[in-house]
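Trainee: predicted model and sequence follow; I will ask about them next.
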Amino acid sequence: MKGKNYKSLDEIYLNESFAKPVPPLPRNTIYIYREKSDVVVHTNPPHGSIQKFEVSDDMANQIIRNISSQKKHQTEQGELSVHGVIDKVLILDGWKAGNSEYNSLLDRVIKIFTTSNFKPENFNNLIQIQNDKNNKFRNNLLQSPGEVFAFKSLIPGSFLQLFEGEEGYKVADNLWAVTFKAKVNVGSGELAITLLSDSVKGITGDLLFDGIGEVEVKGSNARMGGGGFCHNNTPAELNNIISAEQGKLSEKTLSRIKSDIYNKIKSFIEEREKIKGRVVVAKEDQIKYLSDVRDALDNADRLAEIFKTIDTAGLPSKMAKSLKVSVDEYSRYKQGEVKGQFAPAFVTFFSMAGELTDEQLIRGIVATRNYEASNILPALSSVVSTLYFNYKDELFANGTYTENLRTLVAAIHTVIYHTNQNFRGIIFLNDETRNLLYFKFSNNLQKDIESIYTLYKNANAKINLSIGESFKSAGITLSI
C-alpha cells in the first residue's frame, strides 16, 4: 500500500539486535520460615511478596519435603534431584522401556519416597545399589535355596540411610506393594527387589541377575504359567482314560453335581423350616421354590425357566448366589459343555481312585499338566509313574484322593512352567508375612518335581485348582 514502509523477513530475522538470545526470566528464591504451626513462604524482593499460611505440622513438613525433593545434588549420574534419581533408577532397572504407563508408575514411586522424611543429600546411595553385587538378595536369598528370609532382613543399609530413623523400612514395605500392568502383569515385590538390589526387569522371567540368570517372582495365589492345556484338554483326556464299563466322566460329574445340589437344597429347606413361623415374612414360598428347583433338575426346559427367577424368589442373597452357581454349573454339564471344567473333572476322576487301575491313575495325573509339553511327555510319564509308586499311600486313601495329590499336580505345573520358560529359579513371596523363599531348579525333571512337591508340603502350601480362561494353571500360596 502507498504511504507504508515495509521490511522484508530477511531484514527482520537477520537483524543483529533481533537475533540476540533472550535472557532467562528471573527466578524467585523461596524461603520458608517455621513459627510453631505457621509457615511463612517468602520470595526475594523486589519481585516477590511475603505470604503467611496457617497449616498443620504434617502439611508444613510435606511442603518442605516437596521443595527439598526438587533440589539437585551431585550423584554418579550428574546433578540430580530426588525425582531425577528415582527416574534414573527406574530406567536403569528396565521399567520404562515399552511401558506406556511409565509416567504413572514414576509418580507412584516418587510419592512413596517423598511422603517420608528423606535425606536428599544421600540419594546417590540409591544409584549405587543398582550396581552393587554385594547385596543380600543375591548373596543370601539366592545362595540359600529353601531357606525363609524376612524381607526386612534383606534391605540394604545404604537404602535405610536415605531416610530418618526407621522410615526406610516403611518405604521398602510400600514399594513391595506396588503392582501394575506393563506388557505383562507385574506382581508384588518385583519392583521393590530391583530397587533394593542389582537385579533388573527380566526378559522372560520377572527379574534378571547378572551372572545368575532369569528368576521368577511368585506371590500369594500366583499361577504357574498360561499354557492352558489343563483348561482346554484335561477333562476330555480324563474322560478317555475311563473304560466304557466305568462310564463317562461327564455323566459321573453330572451325577455328582446333581447330588451336591440335592444336598444343598435339602440344607436350605431345613434352614427355612427352622425359621418359619418365627419371622414376619412367611417362608412357604421360598421352600416351594427350592423344591421346584430340585424337582426340575431332570427337565432342562423347566430348569431354565425356574433358573431365571432365582433373583426374584425372595431367597437370602448368599443362598441365591450359591444356588445360582451350582445350577448354572449343572446346566452346562447337562448340555455336554465339558471343556474348561478342570476342577469338576479332576474331582470326579480322582474320586474314583478305588475303581481305577494304577496305570489309569498315572495317566490321569499326567493329563492334569498345564502345558502340552510334547517334547518331555515320555519323560514326564516315567517320572510320574515313579513318584506315584513312591508316594501312593499319601496321594490316595480310602478309595479317593488326598490333598497331597493336589500338591503333586501343583508341583508338576511349576516344573513344566520352568521347562517352558527356562528361568533359573523362583522367589516365592508371602504378601501377609513379607517373607521370601528361593527355589533353584536343577534341570533334572524327577528331582525338581519331587523337591517342589516336598517344599509345598513342608510349607503348607494352599493349592488353588480353580482353572479357567483367565487362570490357566494351579495357584499357589506358601505359608512361610
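Mentor: Great, that's in hand.
Trainee: what average pLDDT does stretch 360-375 get?
Mentor: On average, the pLDDT along stretch 360-375 is 96.
Trainee: OK, contacts around the closest residue to Leu395 other than its chain neighbours?
Mentor: Nearest non-adjacent residue to Leu395, counting by C-beta to C-beta, 6 or more residues apart in numbering: Leu405, 4.7 Å away. (C-beta placed from N, C-alpha, C; glycine too.) By C-beta atoms under 8 Å, 6 or more residues apart in numbering, the contact list for Leu405 reads 350, 365, 395-396.
Trainee: mind checking which of these land in strands?
Mentor: Judged by DSSP state E, these include Phe396 as members of strands.
Trainee: on that earlier part again, quick check: the residue nearest to Leu395 is in a helix.
Mentor: Yes - applying DSSP: H, G, I helix; E, B strand; the rest coil, one finds Leu405 inside a helix.
Trainee: for Leu377, grab the count of nearby residues.
Mentor: If you count neighbours by other C-beta atoms under 10 Å, Leu377 ends up with 12.
Trainee: now Ile213: how far from Pro156?
Mentor: Not quite, residue 213 is Gly, not Ile. Look at Gly213 and Pro156: by C-beta to C-beta, to the nearest Å, they are 22 Å apart.
Trainee: so which bits of stretch 241-257 are buried?
Mentor: Neighbour-count burial for stretch 241-257, counted by 16 or more other C-beta atoms under 10 Å, picks out 241-242, 249-250, 252-254, 256-257.
Trainee: low-confidence ranges in the stretch 201-350 of the chain?
Mentor: By pLDDT under 70, the low-scoring segments of the stretch 201-350 of the chain are 275-283, 336-340.
Trainee: repeat the analysis, applying 90 as the threshold.
Mentor: 203-205, 220-222, 225-228, 230-232, 235-236, 239, 242-345, 347-348 (pLDDT under 90).
Trainee: all strands for it, in order.
Mentor: In the stretch 201-350 of the chain, the strands defined using DSSP state E, counting those that start in this stretch lie at 207-209, 213-218, 222-223.
Trainee: just those: most buried one?
Mentor: strand 207-209 (a mean of 23; mean count of other C-beta atoms under 10 Å).
Trainee: nearest the geometric middle of the chain, what residue?
Mentor: Centroid-nearest residue in the chain: Gly187, 4.3 Å away (criterion: C-alpha atoms, centre = their mean).
Trainee: quick check, it in contact with Ser220.
Mentor: No - the criterion here is C-beta atoms under 8 Å, and Gly187 misses it with Ser220 at 9.1 Å.
Trainee: what residues does Ala461 make contact with?
Mentor: Counting by C-beta under 8 Å, 6+ apart, Ala461 makes contact with 407, 410, 455, 476-479.
Trainee: just the buried residues from these, in PyMOL please.
Mentor: Here is the PyMOL command that picks out the buried ones among the contacts of Ala461, judged by 16+ other C-beta under 10 Å:
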select buried, resi 407+410+455+476+477+478
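Trainee: just give me the closest of the contacts of Ala461 to Ile427.
Mentor: The nearest member of the contacts of Ala461 to Ile427, counting by C-beta to C-beta, is Leu478 at 10.9 Å.
Trainee: quick check: closest non-adjacent residue to that closest one.
Mentor: Nearest non-adjacent residue to Leu478 (C-beta to C-beta, 6+ apart): Ala459, at 4.3 Å.
Trainee: try Asn420
Mentor: Tyr371 (5.3 Å).
Trainee: where does that neighbour fall, secondary structure wise?
Mentor: Secondary structure from DSSP states H and E places Tyr371 outside every helix and strand.
Trainee: that one contacts His418, doesn't it?
Mentor: No - between Tyr371 and His418 there is no contact under C-beta under 8 Å: 10.5 Å.
Trainee: per-residue confidence for Tyr6?
Mentor: Per-residue pLDDT puts Tyr6 at 67.
Trainee: how about the one 3 residues further on?
Mentor: Leu9 is assigned a predicted lDDT (pLDDT) of 59.
Trainee: do the same with the one 4 residues further on
Mentor: Model confidence at Tyr13, given as pLDDT, is 60.
Trainee: next one: Gly98
Mentor: Here, the pLDDT recorded for Gly98 equals 86.
Trainee: could you look up the SS state of it?
Mentor: Here Gly98 is recorded as coil under three-state DSSP.
Trainee: what about it, how many residues close to it?
Mentor: Gly98 has 10 neighbours, counted by other C-beta under 10 Å.
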